[in-house]
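K.L.:
Got a sequence here, can you build the structure:
(one chain, ligands or ions: 2)
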Amino acid sequence: MINEGLPWPEKHRPKKLEQLVGNQETIRALKSWVVSWISKIPSKRAALVIGPPGIGKTASIGAMANDLDMELVEFNSSDKRNRDSIETLVWRSATQQTLDGRPRLILLDEVDGLSGTSDRGGVGAILKVVKDSVYPIVMTANDPNSPRLKDLMKVCQVFTFGHIENNDVEKILKQILLENNVEVSSEVLDEIVEGAGGDLRAAISDLESQVRSGLTSLVVESVVRDSKRGDEETLRHLFASADSKMARRVLSESELNHDSLVLWLEENLHLHLMTPKELDNGFEQLSLADLTLGRIMINQNWKLLAYVYDFLSMGVAMSRSETPFRRVKYSQPTWPLLVWQGDRKRDKQSEILASLSKLTGVSKKRVRKTHLDIIHEILKINHQYLTDFANWLNVDKSSLNQKSNR
Ligand SMILES: Nc1ncnc2c1ncn2[C@@H]1O[C@H](COP(=O)(O)OP(=O)(O)OP(=O)(O)O)[C@@H](O)[C@H]1O
Ligand SMILES: [Mg+2]
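P.N.:
Numbering: from 1, shown residues only. Ligands and ions are numbered 1, 2, ... in the order given. Predicted structure coming up:
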């Protein structure tokens, strides 16, 4: 089976709308919107599906395309490589006929991850595509308050999805157990359902790791740290984590990009995993993460990104079963990371400069001296203005943070 070997939430991705649970009314309304689009283009030419992670936003659009026999073309906004060519691809698929004459459904997934400045790509490019498109475009996003969505909302019919009810989560989990011919105790099942808080992807992932590890009870850790961690701190906390939930949280709060995380781990794994068995396990999981990243790059299947983090947290960090945790001195990965950091830094800086130049009317060449340096000085004295400046410039806070730009 083609889905064999995929993480369970992907293996069990619904193929038809009837396989989805929850948000039934909204899904029906979205389907009518798509169907009516084909006969008459509505004034709001695109749709925006908003809601928390793991509840079937992407899944419902995929299933809908199947049910309506439409050709689904997916783009993910996390894909920042060669933005120009991606924009051209989106525009082409929105304005050109399909080969087989079937109508097309265009999915722009996770648009809250778009770049902020509308003059160079991102939101501006999407607005243009929406205007010219001869096919319905559906976008998805998590955060209704993201400044990135403000302009998009004006041209979009908004559909809001909510959490999945516990009994629906349970229903799906039981079905998956049946299909995989495995069982867990009802206490474990309850705990997974409760712990997932209406996030079905998280529930299915937890079920999978329970079944794989053969454990019978869950340790639910609730350590919340809202401060962002630096690279070495991320590594330290990752390996110090008592369980996989905590390890995953460390990763999700870290600002480290997944590419560099893999490099950092590759360089430093042996400091925490000292027995041959641990090391073997750790490298195996790390290579699974790396393979999955490769798979994402080849197939543009960004849905797999969540599993990269699983391999790194549940996999790599949890491989430390014998070596006691020690504080160690980490070494910085060698050249590939440095190249990558250089690129990112330039990218972020030019985004800020472009935005600043637009807002002030000072040329991009001069605006660093006249404004950006001064903003950095102000932030050094009073860091609490960071959010205000970031909002004003419509850029990520992290890119204004000089520390993370180093
Ligand atoms: N309502 C649902 N019914 C059935 N399965 C679901 C549902 N929601 C999520 N799942 C399961 O979780 C997986 C992930 O769901 P999906 O990709 O649709 O999440 P999402 O809402 O798009 O989340 P994100 O905001 O993180 O992209 C699916 O492949 C499926 O296995
Ligand atoms: Mg999604």
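
K.L.:
how deep is G101 tucked in, by neighbour count?
P.N.:
7 (other CB atoms under 10 Å). For every residue, glycine as well, the C-beta is placed using N, CA and C.

K.L.:
In which helix or strand does it reside?
P.N.:
If you go by DSSP states H and E, G101 is not part of any helix or strand.

K.L.:
same check, this time on the one 5 residues further on
P.N.:
Following DSSP H and E, one finds I106 within strand 104-109.

K.L.:
how much distance is there from that strand to the middle of the chain?
P.N.:
17 Å (CA atoms, centre = their mean, to the nearest Å).

K.L.:
Could you pull up the residues touching A240?
P.N.:
F325 (CB atoms under 8 Å, 6 or more residues apart in numbering).

K.L.:
Use 54 as the first number from now on
P.N.:
Yes, from this point I'll number from 54; that puts the last item at A293.

K.L.:
quick one on the thing from earlier: okay, buried residues for the strand holding I159 please.
P.N.:
By neighbour count on 16 or more other CB atoms under 10 Å, the buried set for strand 157-162 is 157-162.

K.L.:
Can you lay out those residues as TSV showing pLDDT and distance to ligand 2?
P.N.:
Formatted as TSV, the buried residues of strand 157-162 follow (pLDDT from 0 to 100; distance: CB to the ion, whole Å):
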residue	pLDDT	distance to ligand 2
R157	94	19
L158	95	15
I159	94	15
L160	94	9
L161	91	11
D162	88	6
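
K.L.:
Report the two of these separated the most.
P.N.:
R157 and D162 (15.4 Å; CB to CB).

K.L.:
How many residues are close by the closest residue to Q72 other than its chain neighbours?
P.N.:
Distances taken as CB to CB, 6 or more residues apart in numbering put A116 closest to Q72, at 6.8 Å, once the chain neighbours are dropped. A116 is flanked by 22 other residues according to other CB under 10 Å.

K.L.:
and L253, how many neighbours?
P.N.:
25.

K.L.:
can I assume it is in contact with I225?
P.N.:
Yes: contact status for L253 versus I225: in contact at 6.2 Å, counting by CB atoms under 8 Å.

K.L.:
quick one on the thing from earlier: the strand holding I159 packs against which elements?
P.N.:
Contacting strand 157-162 under the criterion 3 or more CB pairs under 8 Å, 6 or more residues apart in numbering; DSSP states H and E are the following elements: helix 110-120, strand 124-129, helix 136-148, strand 190-194.

K.L.:
from memory L409 sits against K422, does it?
P.N.:
No: look at L409 against K422 with CB under 8 Å: they stay out of range, at 11.3 Å.

K.L.:
Strands of the stretch 204-353 of the chain, start to end?
P.N.:
For the stretch 204-353 of the chain, the strands defined by DSSP state E, counting those that start in this stretch cover 209-213.

K.L.:
quick one: low-confidence parts of it?
P.N.:
Per-residue confidence for the stretch 204-353 of the chain (pLDDT under 70) gives these ranges: 267-283.

K.L.:
near ligand 1, which residues of it?
P.N.:
Neighbours of ligand 1 within the stretch 204-353 of the chain, by CB under 6 Å from any ligand atom: 217, 225, 253-254, 257.

K.L.:
same thing but 5 Å
P.N.:
Residues of the stretch 204-353 of the chain found near ligand 1 (CB under 5 Å from any ligand atom) are 253-254.

K.L.:
In the stretch 204-353 of the chain, what residue lies closest to ligand 2?
P.N.:
Relative to ligand 2, the nearest point of the stretch 204-353 of the chain is R254 (8.7 Å; CB to the ion).

K.L.:
residue contacts, that residue?
P.N.:
62, 106-108, 359.
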